[in-house]
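A.B. asks: The following comprises the amino acid sequence and a computationally predicted model.
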Amino acid sequence: MEIPLPAALKGDRGPRNGSVALVDVAGSHLTLRFLRPSLTDESALLTPPEEAVLTRGGVEPVSAEELRVVEGQAAAAYQELREQSLSVEDAADRLGVNASRVRQRLAERSLYGVKDGNAWRLPAFQFVAEGLVPGIEVVLRRLPPEVSPLAVARWLVTPNPDLTTRDDDEHSLSPRQWLLEGRSPEAAAALAASL
């Protein structure tokens with residue numbers, strides 16, 4: 001079953017800043033895709049029939065106030081990520097290389113960076129006290145470039161059921177912990193590619 005796009009999302013340039021959720025149901029598989037909501041554009045809200053379909057599917061519509069809270073939480077998390085990130089120069093010092101090598105590694109995607117104006121910020125999740133998380137460059141190269149920095153940060157530190165030790169299938173490791181324990185970066189990289 002395919003639910004049509006809300007009228008506010010249709011247009012010759014594809015989805016625009018606007019509505020709330022797209023739902024795709026294939027057999028018993030339900031996929032939700034959330035788009036950035038616009039709290040000021042009333043035409044971007046779901047229609048009553050669209051809300052009814054979502055409710056029947058077990059998805060409760062989100063109020064404008066709840067969206068403001070989520071946006072605030074995301075903004076705070078992004079600010080924290082920026083504050084804990086290293087400058088190119090700080091990353092160069094940590095890695096024992098010059099700043100141009102850090103920029104080169106950003107270009108080849110063996111380091112992860114976020115543009116902050118004209119400068120790069122390198123999130124701390126990829127570093128340890130004296131260098132990089134072992135094998136992180138293999139994982140970083142496989143990350144789809146369109147995945148947001150917050151999604152990357154959360155994915156790296158969230159236990160993943162596909163990353164378990166042989167001794168304890170009940171104990172999942174985060175991709176970062178997996179790498180820190182010296183396990184195969186290819187296993188984490190395969191998961192990164194599907195983000």
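C.D. replies: Noted; the coordinates are in hand. Numbering: from 1, shown residues only.

A.B. asks: buried stuff in the helix or strand hosting Glu89?
C.D. replies: Secondary structure assignment for Glu89, by DSSP states H and E: helix 88-95. Within helix 88-95, the residues that count as buried by 16 or more other C-beta atoms under 10 Å are Val88, Ala91, Ala92, Arg94, Leu95. Bear in mind the C-beta positions are built from the backbone N, C-alpha and C, glycine included.

A.B. asks: Quickly note the distance from Glu108 to Arg176.
C.D. replies: Distance from Glu108 to Arg176, counting by C-beta to C-beta, to the nearest Å: 21 Å.

A.B. asks: Same check on Asn118?
C.D. replies: Going from Asn118 to Arg176 by C-beta to C-beta gives 29 Å.

A.B. asks: Please identify which of the two sits among more neighbours.
C.D. replies: Residue environment comparison for Asn118 versus Arg176 gives the larger neighbour count to Arg176, 20 against 5, counting by other C-beta atoms under 10 Å.

A.B. asks: Could you give the number of residues near the nearest residue to the more buried one once chain neighbours are set aside?
C.D. replies: Closest residue in space to Arg176, ignoring its immediate chain neighbours: Leu156 at 4.6 Å, by C-beta to C-beta, 6 or more residues apart in numbering. Under the neighbour criterion other C-beta under 10 Å, Leu156 is assigned a count of 25.

A.B. asks: How about residues contacting the helix holding Glu89?
C.D. replies: 86, 98-99, 101-103, 106, 111, 119-120, 122, 127, 130-132 (C-beta atoms under 8 Å, 6 or more residues apart in numbering).

A.B. asks: Swap in 6 Å and give it another go.
C.D. replies: The set of residues external to helix 88-95 that reach it, using C-beta atoms under 6 Å, 6 or more residues apart in numbering, is Asn98, Ala99, Val102, Trp120, Leu122, Phe127.

A.B. asks: Among the residues you listed, which lie within helices?
C.D. replies: With helices identified by DSSP state H, the entries of these that belong to them are Ala99, Val102.

A.B. asks: could the contacts of helix 88-95 go into a markdown table alongside pLDDT and neighbour count?
C.D. replies: Conversion of the contacts of helix 88-95 to a markdown table gives the following (pLDDT from 0 to 100; neighbours: other C-beta atoms under 10 Å):
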| residue | pLDDT | neighbour count |
| --- | --- | --- |
| Asn98 | 97 | 13 |
| Ala99 | 98 | 15 |
| Val102 | 98 | 24 |
| Trp120 | 97 | 20 |
| Leu122 | 98 | 23 |
| Phe127 | 97 | 19 |
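
A.B. asks: which one of the contacts of helix 88-95 sits closest to Arg183?
C.D. replies: Nearest to Arg183 out of the contacts of helix 88-95 is Phe127 (C-beta to C-beta; 18.4 Å).
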